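Student: kindly generate the corresponding structure for this input.
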Amino acid sequence: MSRLLYQGVLGEADESEKLASAPTSPNARDMGHPFNHAEDPKLDDSKLHEECGVCAIHGHPDAARQAYLALYALQHRGQESAGIATADGRQLANIKGMGLVSEIFTDDVLQKLPGPMAIGHTRYSTTGDSALLNAQPIRVESTKGLIAIAHNGNLINLGTVRSRLERAGAVFQTTSDSEIIIQLIAHSKAGTLVDAIADSLSQVEGAFSIVMMTRDRIFAARDPRGFRPLSMGRIKNSDGPDTIVFASETCAFDLLRAEYERDVLPGELVMVTQDGVTSRQFSTGVPRSSCIFEHVYFARPDSRIFGRWVQESRDQMGRQLARESGVPADVIVPVPDSGVTAALGYAEKSEIPFRFGLIRNHYVGRTFIEPEQRVRDFGVKLKLNPVRNLLEGKRVILIDDSIIRGTTSRKIVRMVRGAGAKEVHLRISCPPTISPCFYGVDTPSKRDLIAANQSVEEICRFIEADSLAYLSLDGMLKSCGGEERGFCTACFTGQYPTQWVDVDEILPAAAGV
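Tutor: Residues are numbered from 1 along each chain as shown. Here you go, the predicted model:
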């Protein structure tokens with residue numbers, strides 16, 4: 001049985017909580033899942049992890065189920081916990097639990113979430129933060145009324161803001177960034193709720209895509225630099241007002257049969273009521289810094305992120321990689337699953353045959369979601385198996401999206417060579433990752449990033465490949481539509497778009513999702 005935190009259909013004064021149970025697999029977080037990451041969640045600790053995904057539904061008779069479907073499509077963005085809050089015009093209900101969306105939200109659980117409005121959240125977390133208490137959405141009774149909030153990203157001025165709020169009498173129940181935003185709203189001197197939200201968002205710095213809900217309204221907002229994606233869609237209803245939906249990725253709209261309308265703009269606050277959609281800018285004039293790793297790895301290839309299809313970017317990365325670092329070979333083999341699209345582009349440009357020379361077992365322990373290092377070190381052979389007849393005696397080019405620590409890359413190279421490959425060349429569809437991310441990505445410290453401490457030649461020797469090459473920074477930017485789109489590339493350059501803050505002064509990244 002898994003524990004669910006159930007904040008029921010309660011009135012203004014009743015804020016009691018109770019624990020409910022719903023049947024799930026006893027090893028819920030260790031089973032395969034049909035919606036694996038991007039092109040798939042990764043094999044072990046050697047990949048970065050997106051922190052979470054959010055969604056919101058306004059004007060649907062079964063909003064909870066719509067939120068469930070959206071979160072199902074966003075499962076790759078976080079697998080530690082999930083939650084859905086709903087509103088019916090008078091009250092808010094909120095249920096959240098540890099595990100996968102499909103295991104938490106059974107039919108019986110969804111029936112406890114009435115109302116035509118909903119927000120949802122799915123979350124990944126790091127060490128010490130896999131607590132049900134920090135699962136989202138967070139529901140708070142404030143001086144501005146009952147509010148539920150779900151947040152994707154990471155704030156970088158938490159210490160200063162939290163200290164100021166505590167001096168003003170605020171009492172915090174979690175370590176989440178989201179609660180800080182709620183407290184700012186509650187302590188705002190603005191006369192209306194929408195003004196209080198805008199005032200609060202203007203006081204925080206860092207990355208955030210947020211959905212909020214009151215008893216009768218939905219809000220959606222992005223930080224002024226647009227670090228994290230958030231899109232708006234519409235389900236057209238012939239017999240009434242249209243349903244408005246928001247999601248971290250547009251792949252969720254396909255499952256909802258919603259039409260993509262537009263991205264929420266950086267620095268924009270959108271409000272949806274029975275009267276329609278209105279918006280305002282709470283911040284302007286800030287350079288855009290959208291996370292380019294969404295296109296490299298995080299997002300699903302069938303999503304449109306920052307106005308561009310992810311599949312197109314990854315295909316172009318593969319083609320550009322072939323231009324920059326081609327090598328004579330007999331076969332192109334992707335590292336499943338996130339290397340597939342770039343490998344297809346590389347193969348087409350190089351005119352070298354593409355083959356699935358590594359087969360991934362999707363039903364082995366999903367160690368990538370486990371925050372503890374000791375759990376994640378299962379060994380790549382549990383996940384991948386080489387197709388010997390495709391590799392034996394061949395010069396192989398392996399295509400992967402990134403190298404973080406290098407340990408898994410070395411295991412894969414050894415595996416391919418052990419299957420009889422004559423040569424093994426590794427090509428990476430992004431530049432070397434040399435710096436940690438402070439904007440909502442679970443990144444190792446700099447000392448654990450192999451490219452921050454070793455040259456390409458040294459990394460090549462470590463992973464035991466015949467050659468190693470990364471996509472250039474210019475090549476990656478060109479593949480994603482050009483530098484003018486305004487991407488954050490801090491993990492590749494060490495040049496941060498906001499004022500640098502020492503990592504020790506920031507709450508753990510996962511606490512801010």
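Student: I'd like the next helix or strand past the helix or strand where Val277 lies.
Tutor: Here Val277 sits within strand 276-281, counting by DSSP states H and E. Once strand 276-281 ends, the next helix or strand along the chain (criterion: DSSP H and E) is strand 290-291.
Student: ok, that next one: who's next to it in the sheet?
Tutor: strand 487-488 (parallel) (DSSP bridges).
Student: chain center to the strand it pairs with, what's the gap?
Tutor: When C-alpha coordinates are averaged (C-alpha atoms, centre = their mean, to the nearest Å), strand 487-488 and its chain have centres 16 Å apart.
Student: give me the contact list for it.
Tutor: Surrounding strand 487-488, the residues in contact under the criterion C-beta atoms under 8 Å, 6 or more residues apart in numbering are Arg225, Phe227, Ser289, Ser290, Cys291, Ile292, Tyr439, Leu477, Cys480, Pro497. To be clear about C-beta, it is placed using only N, CA and C from the backbone, and glycine gets the same treatment.
Student: stretch 275-287 now?
Tutor: With C-beta under 8 Å, 6+ apart as the criterion, stretch 275-287 contacts 194, 197-199, 201-202, 221, 224-225, 232, 244, 265-271, 486, 497.
Student: first-to-last residue distance for that stretch?
Tutor: Using C-alpha to C-alpha, to the nearest Å, the gap from the first to the last residue of stretch 275-287 comes to 33 Å.
Student: okay, buried residues for that stretch please.
Tutor: When neighbours are counted by 16 or more other C-beta atoms under 10 Å, the buried residues of stretch 275-287 are found to be Val277, Ser279, Phe282, Ser283.
Student: bridging residues for the second one?
Tutor: Think Ser279. Val270.
Student: distance check, it against Arg77.
Tutor: 24 Å (C-beta to C-beta, to the nearest Å).
Student: about what we covered before: can you say which of the contacts of stretch 275-287 are buried?
Tutor: Applying a neighbour-count criterion of 16+ other C-beta under 10 Å, the buried members of the contacts of stretch 275-287 are 194, 197-199, 201, 221, 224-225, 232, 244, 265-271, 486, 497.
Student: quick one: which of these sit in helices?
Tutor: Counting by DSSP state H, those place Val194, Ile197, Ala198, Asp199, Leu201 in helices.
Student: need the pLDDT of the nearest residue to the third one once chain neighbours are set aside.
Tutor: With C-beta to C-beta, 6 or more residues apart in numbering as the measure, Phe282 is the residue that lies nearest to Ala198, at 4.0 Å, once sequence neighbours are left out. Note on Phe282: pLDDT of 96.
Student: and the one 4 residues further on, by the same measure?
Tutor: Listed pLDDT for Val286 reads 94.
Student: now do Arg376
Tutor: At Arg376 the predicted local confidence, pLDDT, stands at 39.
Student: next: the one 5 residues further on.
Tutor: Looking at Lys381, its pLDDT is 78.
Student: could you do Arg164 as well?
Tutor: Residue-level confidence at Arg164 comes out at 87, pLDDT.
Student: am I right that it is in a helix?
Tutor: Yes - according to DSSP: H, G, I helix; E, B strand; the rest coil, the state of Arg164 is that of a helix.
Student: ok, now how distant is it from Met212?
Tutor: 21 Å.
Student: more crowded one of the two?
Tutor: Met212 (26 against 14; other C-beta atoms under 10 Å).
Student: I'd say the more buried one and Gly145 touch.
Tutor: No - counting by C-beta atoms under 8 Å, Met212 does not reach Gly145; the two are 11.3 Å apart.
Student: returning to what we had before: out of the contacts of strand 487-488, which one has the lowest pLDDT?
Tutor: For the contacts of strand 487-488, the least confident entry is Tyr439, with 88.
Student: how many other residues sit next to it?
Tutor: Residues within reach of Tyr439, counting by other C-beta under 10 Å, total 28.
Student: what about the helices in the stretch 101-250 of the chain?
Tutor: Under the criterion DSSP state H, counting those that start in this stretch, the stretch 101-250 of the chain carries helices at the ranges 101-104, 107-110, 158-167, 177-187, 193-201.
Student: grab the nearest non-local neighbour of Val161.
Tutor: Counting by C-beta to C-beta, 6+ apart, Val161 lies nearest to Ile180, which is 5.7 Å off, once chain neighbours are set aside.
Student: the one you found and Phe219: what is the separation?
Tutor: For Ile180, the distance to Phe219 (C-beta to C-beta) stands at 16 Å.
Student: what's the answer for Phe105, then?
Tutor: Distance from Phe105 to Phe219, counting by C-beta to C-beta: 23 Å.
Student: so, low pLDDT: which residues of the stretch 351-500 of the chain?
Tutor: Along the stretch 351-500 of the chain, segments meeting pLDDT under 70 span 364-379, 500.
Student: quick one, helices of it?
Tutor: Assigned by DSSP H, counting those that start in this stretch, the helices in the stretch 351-500 of the chain fall at 373-376, 388-391, 407-418, 450-453, 456-463, 473-479, 490-493.
Student: how about TSV for those, with distance to Ser303 and mean neighbour count added?
Tutor: As requested, these are arranged in TSV below (distance: least, C-beta to C-beta, whole Å; neighbours: other C-beta atoms under 10 Å):
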stretch	distance to Ser303	mean neighbour count
helix 373-376	26	12
helix 388-391	30	17
helix 407-418	25	20
helix 450-453	27	18
helix 456-463	30	16
helix 473-479	16	19
helix 490-493	20	22
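Student: for the host helix or strand of Thr86, name the packing helices and strands.
Tutor: Counting by DSSP H and E, the element that carries Thr86 is strand 81-87. Judged by 3 or more C-beta pairs under 8 Å, 6 or more residues apart in numbering; DSSP states H and E, the packing partners of strand 81-87 are helix 63-73, strand 92-98, strand 117-123, strand 145-155.
Student: what pLDDT, on average, does the first one get?
Tutor: The reference is to helix 63-73. This predicted structure assigns helix 63-73 an average pLDDT of 98.
Student: so how far is that helix off the chain centroid?
Tutor: Centre to centre, stretch against its chain (C-alpha atoms, centre = their mean), the figure for helix 63-73 is 16 Å.
Student: tilt between that helix and strand 145-155?
Tutor: 10 degrees (axes from the mean of the first three to the mean of the last three C-alpha atoms, to 10 degrees).
Student: send the alpha carbons of helix 63-73 over as PDB?
Tutor: Extracted C-alpha coordinates of helix 63-73, given in PDB (Å, rounded to 0.1, in the frame of the first residue of the first chain):
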ATOM      1  CA  ALA A  63     -11.100  18.000 -14.600                       C
ATOM      2  CA  ALA A  64      -9.300  15.600 -12.200                       C
ATOM      3  CA  ARG A  65      -9.200  12.900 -14.900                       C
ATOM      4  CA  GLN A  66      -7.900  15.400 -17.500                       C
ATOM      5  CA  ALA A  67      -5.200  16.400 -15.100                       C
ATOM      6  CA  TYR A  68      -4.400  12.700 -14.500                       C
ATOM      7  CA  LEU A  69      -4.000  12.200 -18.300                       C
ATOM      8  CA  ALA A  70      -1.800  15.200 -18.600                       C
ATOM      9  CA  LEU A  71       0.400  14.100 -15.700                       C
ATOM     10  CA  TYR A  72       0.600  10.600 -17.300                       C
ATOM     11  CA  ALA A  73       2.100  12.200 -20.400                       C
END
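Student: name the surrounding residues that touch that helix.
Tutor: Contacts of helix 63-73 with the rest of the structure, by C-beta under 8 Å, 6+ apart, involve 35, 53, 55-57, 60, 82, 84, 86, 101-102, 105, 110, 113-122, 243, 245, 247, 249, 251-252, 254-256, 300.
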